[in-house]
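Visitor: Provide a 3D model corresponding to the input given below.
(one chain, ligands or ions: 1)
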Amino acid sequence: MLEIIDVQRRYRGGRGTGPVNLRVAPGEVLGVVGPNGAGKTTLFDALCGVNEFQSGTVRLDGRQLGRRLPAEACGFLPEHSRLFPQLTARQACRFEAAMRRLDLDDTALEEQLDRFGCAGFRDTEVRHLSQGMTRRLGIACAFLGTPQVVVLDEPLNGLDVEGVLVFRRALADYLAGGGMALMSSHILSVLDELCERVVLLKDGLVAATVDVRNGGAERAYLEVFGQ
Ligand SMILES: Nc1ncnc2c1ncn2[C@@H]1O[C@H](COP(=O)(O)OP(=O)(O)OP(=O)(O)O)[C@@H](O)[C@H]1O
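Guide: Residues are numbered from 1 along each chain as shown. Sure thing, here's the model as predicted:
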């Protein structure tokens, strides 16, 4: 169980996110949605250690972790790629493994690149990849080593049809193994399809949490935000 307790990161002027409380159970995808500027990226970045929460706690399976998830427990797909442009796809994957202290040999890295449809450009530098290729590689990196938690900021952005299918399959396998996922999307039907519950963020605060196992993300969104 991932528990995010009273976390807050506010910028000067008061924008940002928090205090926010969230829980994600094993095998669950918790969706996060809100208008532009609602605080999704601030929340995800701080949770994954890009920035730090100014207050609050993160707990994983009962362990108190301080104000962020440790790198080895968390795969992160940021909204915009942070892969180093000069690395090849294979090197980027190896770098991700090193940063997360994963003990993976070359065969495991190759398999990951294959599985996420990155084999055809494994020796191409990131700066020469298309948007969709970069997204595929980012997703391959996020799921590397099957972390306890994956945090996915707009994962479908830029993916082609095959990329979407590969992503869906990988997410389903990951959840079947007890993984926990936090995922933002501006596409409400995607949240209905992939999430158990969805949190609606408004001005950095949780305005509502809805069960979307039988759909309903759009209805809930309109109730909270209107047209
Ligand atoms: N570094 C920063 N300094 C000051 N304010 C910031 C900073 N980063 C973000 N903000 C502000 O904090 C608020 C939340 O931004 P954030 O990027 O988290 O929203 P978001 O929900 O991810 O938006 P989008 O859907 O457009 O990606 C916005 O009002 C934004 O202008």
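
Visitor: list, one by one, the residues from this protein near the ligand.
Guide: 11, 15-16, 34, 36-42, 79 (CB under 6 Å from any ligand atom). No exception for glycine: its C-beta is placed from N, CA and C like everyone else's.

Visitor: the closest residue to Leu205 other than its chain neighbours: what secondary structure?
Guide: Distances taken as CB to CB, 6 or more residues apart in numbering put Val20 closest to Leu205, at 6.8 Å, once the chain neighbours are dropped. Of the three states, Val20 takes strand under DSSP: H, G, I helix; E, B strand; the rest coil.

Visitor: point to the residue nearest the middle of this protein.
Guide: Leu152 (1.6 Å; CA atoms, centre = their mean).

Visitor: thinking that one is in contact with Val190, fair?
Guide: No: between Leu152 and Val190 there is no contact under CB atoms under 8 Å: 11.0 Å.

Visitor: among the residues of the chain next to the ligand, name the buried ones.
Guide: 16, 34, 38-42 (16 or more other CB atoms under 10 Å).

Visitor: got TSV for these, with distance to Arg136 too?
Guide: Listed next are those as TSV, based on distance: CB to CB, whole Å:
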residue	distance to Arg136
Gly16	30
Gly34	26
Ala38	27
Gly39	27
Lys40	22
Thr41	21
Thr42	26
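
Visitor: now tabulate the residues of the chain next to the ligand in a markdown table and tack on pLDDT and secondary structure.
Guide: What follows is those, written out as a markdown table (pLDDT from 0 to 100; DSSP: H, G, I helix; E, B strand; the rest coil):
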| residue | pLDDT | secondary structure |
| --- | --- | --- |
| Tyr11 | 95 | coil |
| Arg15 | 96 | coil |
| Gly16 | 96 | strand |
| Gly34 | 96 | coil |
| Asn36 | 94 | coil |
| Gly37 | 94 | coil |
| Ala38 | 96 | coil |
| Gly39 | 96 | coil |
| Lys40 | 96 | helix |
| Thr41 | 94 | helix |
| Thr42 | 96 | helix |
| Glu79 | 92 | coil |
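
Visitor: quick check: what element follows the top helix by length along the chain along the chain?
Guide: The longest helix of the chain (DSSP state H) is helix 161-176. On the C-terminal side of helix 161-176, the nearest following helix or strand under DSSP states H and E is strand 180-184.

Visitor: relative to helix 161-176, how tilted is that following strand?
Guide: For strand 180-184 against helix 161-176, the angle by axes from the mean of the first three to the mean of the last three CA atoms, to 10 degrees is 140 degrees.

Visitor: counting contacts, what elements does strand 180-184 pack onto?
Guide: strand 16-24, strand 29-33, helix 40-47, strand 149-153, helix 161-176 (3 or more CB pairs under 8 Å, 6 or more residues apart in numbering; DSSP states H and E).
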